[in-house]
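Enquirer: Have a look; sequence and predicted model below, questions after that.
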Amino acid sequence: MTPEKEKRHPFVTRLTRERVQESIMFVLLRGMTFFVLFCAAFLFWDIISKGSSKVFEGDGLINWEFLTEHPQTLHVIGEGEDEIKLSSSNYYKLKDEKVLNKWGDFRKSSEYGSARKELDTRISRLQNEWAMESLLVADEKFLVRERENAANKFAFWKEMLADPKTTAEDFEIKVEDVPSMVTQFMLGHFEKERGRLSLVDEKVTLFRATHYPKIENLSPAHAEEVEKAYLAFLAKIPEAYNQSMAAFGAEVTTSYDEFVQTEGPKEFGRFAEALVAYSAARNVLLGQDHDLKNWEALEASLAPFKQAMAVSLPSRDYAYSGGGIFPAIIGTLLLVIGAMGIAIVLGVFCAIFLAEYGKAGKFLSMVRLAILNLAGVPSIIFGLFGFGLFVIFLDWNVSLLAGWFTLAFMVLPIVITASEEALRSIPQGFRESSLALGATKWTMIKTSVLPFAMPGILTSSILGVARAAGETAPIMFTAAYAKRSDLPWEGLEHWTDFFFQGVMALPYHIYVVSAKIPQNAYTADMQYGTAFVFLLLVVGVASLSIILRNRLRKKYRW
Amino acid sequence: MQEAITTSPERSPSTDEVDPIDPAIRIRDLDFLYGSNQVIHNVSLDIFPKEVMAFIGPSGCGKSTLLRCLNRMNDLVDGARIGKGSIEIHGVDVHDKSVDVIELRKKVGMVFQKSNPFPKSIYQNVAYGLQIQGVKSKRVVDQKVEESLRKAALWEEVKDRLNENAYGLSGGQQQRLCIARTLAVEPEIILMDEPCSALDPVATGRVEELILELKHEYTIVVVTHNMQQAGRISDRTAFFYLGKLIECDRTKKIFLNPSKQQTEDYISGKFG
């Protein structure tokens, strides 16, 4: 016997196979649990740290712009430390401010007086000119030219139609192709004239509608008809010309008067635009061959003002990276509330039938199997189902209603299963007592089962809320818009339109900013910010349901 | 055995001797099945007005099932059905198609083994039966609630906390609340399915006192496992074994001088 052996007592620790296994398993179990914990912690930390930097960015505590604005283009001015990030609305506000400042300086300078004097002279001279110019005469000139032009062209085309053989030889084509060639010529002519003519008369569209079919099926008789109609049409034009030019002229005069009164940059801008429009219309209608000297002088006199308005604010622009996500928050809330409303009503009715009325048998097990399978269907399939049934077949288009029903069907299995469970967990005694007191079955359910099952049903709906709020696939075909400038309650013609409009939604917005637009440092901010707000929203809605559930639980405890 | 059962009413002629009036409940040749499992075999029994009838017997002998047949609570169980025979209350077969089970249950109230007040206030529990009948008048309901609680000997204990949750009451109080709840519907017959099995002896005593009090106004059928209880509260006792009615007689006779060996064995504790 060795001394070591002597020391041994019956309970000495021995390294048996089981013991080793036990130690390894313990390490494994603990390690895996910690790994899961670590991953979850990392995920939340990632979203919260990066997302909160967007949500709590800026001067105040909370970046209200992010929560209350529409998505906008982000304008980044400057580099590095001095970098300023501005959403479109703020960028243009800043620009306007700068213009106003520069304009103010310009007005104070001596230059302004002389520039104004010059402009006034030019304008009054031109106003005289266009009063004198007698548009009717000019139009008459134009019309004669136009008529001659049209008559020439029609004569040429009719000649081609009358003698296709020669034409075919001239153009080296087949004889039977001649009519279609003339058609092409004719259509080309009208298309070229269309812009000019529609400037003064919307009947151009009517002319096209009535006569193009004839041109496309061209015969000499048709050509004759079209020519007649076209010349008649041209004959009615002068009056329309005059009205049109008078309107352009009036706009110049009123906008100039406004500018004189306020002397602001905006008013000047409007005046300059009106002038450009007038000049362009005049060029189109009268041709280029009138006297341009006065126009050029006028344009030169505008230059100092334009100079005073020109402010450059160089920026790098990133689509979707500025502004906020307010419409998406609203859209998600609407989607969740509506979908859960529908799902809870449908689900609870279904669960009541299954738990209280359904008799165990083939039918019930079939229903259960269907529900179970429904729970396993991928969400994209629900999206396609909703798209096919609600969007296409029922013709609801991309709308809140279609999204509601699609999401409701997706969470329905959760709601039904859990509601049934909740109903079954109500002690049988409540049902029996109620019936023994002379209640009908429905009275029994209404008064002594459903109220007590409500906490359980709400618990299940919490799970549903998170899922309905979070899924992208079911709504991307049925309810979500990538960008919508109206909020859901804006621009409704009738209250029912509310249900038939698409909305923005947070998960889809995350998808759009992370997969649908060019990526850069600024879109990442937007993604994480949206994800963070989204998490907060889900937590908020879920807490509401939990509070409600606990209240009910306290009220109905047994 | 079959012969013995069919002749059992004649074997106990005392029933007719003691109460020569019309029975409140008349059970004749009743077979009852759960699916294909027959749990009651050819039972015939009369229960007379304003008496306390106790059903005793070992577990699974069908006494609870028979009790639940009386107000058709077995309708809730899938596959439960009458094989043959009838149960008449006031001369009407309760399983007849023309019988409105709602009206039947109002006349034949039931108190369950486990006290199961609704998780609502004491007041709402008692008022429940009236409210589902559509009684709106607060005055009528108030009056009825007080009356029922007084009858159930609970009024003095709860009158100051009518609006508190019924689950704040002790087990015995809860059971008496359930009795009060049943009384509020104005039944004629009250069925009690082991009403004291979950109560301590003191609470049991209170409920037993209550039963003795109530029998002046109501016909009461009690199922019990506790033979001393049957002896204390019942006028007559029916002993069931394996779904058959073995013997039914005045309680004293059953306990002191049973006419069947099985009854004597059960009462003396040889089995069951």
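Expert: Structure received.

Enquirer: Can you name the residues of chain B sitting close to chain A?
Expert: Residues of chain B lying close to chain A (CB under 8 Å from any CB of the partner chain) are B:71, B:73, B:76, B:78, B:102-103, B:105-106, B:109-110, B:112, B:114, B:116-120, B:128-129, B:131-133, B:165, B:167, B:178, B:181-182, B:185. Just so you know, the C-beta spots here come from the backbone N, C-alpha and C atoms, and that holds for glycine as well.

Enquirer: List only buried entries from the residues you listed.
Expert: Buried members of these, scored by 16 or more other CB atoms under 10 Å in any protein chain shown, are B:71, B:73, B:102, B:105-106, B:109-110, B:112, B:114, B:116-120, B:128-129, B:131-132, B:165, B:178, B:181-182, B:185.

Enquirer: Does A:His222 touch A:Lys214 like I think?
Expert: Yes - in this structure, A:His222 is within contact of A:Lys214 by CB atoms under 8 Å, at 4.4 Å.

Enquirer: which stretch of helix or strand covers the residue nearest to A:Leu394 when sequence neighbours are not counted?
Expert: In this structure, A:Leu394 finds its nearest non-sequential neighbour in A:Ala402, 7.8 Å apart by CB to CB, 6 or more residues apart in numbering or on different chains. According to DSSP states H and E, A:Ala402 maps onto helix A:400-424.

Enquirer: After that helix, which helix or strand is next?
Expert: Past helix A:400-424, the next helix or strand by DSSP H and E is helix A:428-436.

Enquirer: B:Arg81 belongs to a strand, doesn't it?
Expert: Yes - secondary structure of B:Arg81 (DSSP: H, G, I helix; E, B strand; the rest coil): part of a strand.

Enquirer: got the contact list for it?
Expert: Listed by CB atoms under 8 Å, 6 or more residues apart in numbering or on different chains, the contact partners of B:Arg81 are B:32-33.

Enquirer: Distance-wise, check it relative to chain A.
Expert: 14 Å (CB to the nearest CB, to the nearest Å).

Enquirer: pLDDT score for that residue?
Expert: The per-residue pLDDT reported for B:Arg81 equals 84.

Enquirer: Run a quick neighbour tally on A:Trp404.
Expert: When neighbours are defined as other CB atoms under 10 Å in any protein chain shown, A:Trp404 has 28 of them.

Enquirer: now the residue nearest to it when sequence neighbours are not counted, what's its secondary structure?
Expert: In this structure, A:Trp404 finds its nearest non-sequential neighbour in A:Gly338, 4.0 Å apart by CB to CB, 6+ apart. On the three-state scheme (three-state DSSP), A:Gly338 is labelled helix.

Enquirer: per-residue pLDDT, A:Gly338?
Expert: On pLDDT, A:Gly338 comes in at 91.

Enquirer: For it, grab the count of nearby residues.
Expert: For A:Gly338, the count of nearby residues is 20 (other CB under 10 Å).

Enquirer: Could you double-check that B:Ser234 sits in contact with B:Val52?
Expert: Yes - with contacts counted by CB under 8 Å, B:Ser234 reaches B:Val52, the gap being 4.6 Å.

Enquirer: and for those two, which residues touch both?
Expert: Jointly contacting B:Ser234 and B:Val52 under the rule CB under 8 Å, 6+ apart are B:Val222.

Enquirer: got the contact list for the residue of the stretch 401-550 of chain A found nearest chain B?
Expert: Nearest residue of the stretch 401-550 of chain A to chain B (CB to the nearest CB) works out as A:Gly429 at 3.2 Å. A:Gly429 makes contacts with B:112, B:114, B:116, as judged by CB under 8 Å, 6+ apart.

Enquirer: If we only consider the residues you listed, which is nearest to A:Ala150?
Expert: Taking CB to CB as the measure, A:Ala150 sits nearest to B:Asn116 out of those, at 98.3 Å.

Enquirer: Three-state assignment for that closest one, please.
Expert: Put simply, B:Asn116 is coil when judged by three-state DSSP.

Enquirer: quick one: B:Gly243 and B:Ile89, what's the gap?
Expert: Taking CB to CB, to the nearest Å as the measure, B:Gly243 falls 22 Å from B:Ile89.

Enquirer: ditto for B:Phe118
Expert: From B:Phe118 to B:Ile89 the distance is 27 Å (CB to CB).

Enquirer: which residues make contact with stretch A:541-558 from outside it?
Expert: With CB under 8 Å, 6+ apart as the test, stretch A:541-558 has contacts from A:333, A:336, A:427, A:451-452, A:454-455, A:458-459, A:461-462, A:465-466, A:469, B:119-120, B:165, B:167.

Enquirer: Checking B:Arg28 next. Helix, strand or coil?
Expert: Per three-state DSSP, the local secondary structure of B:Arg28 is strand.
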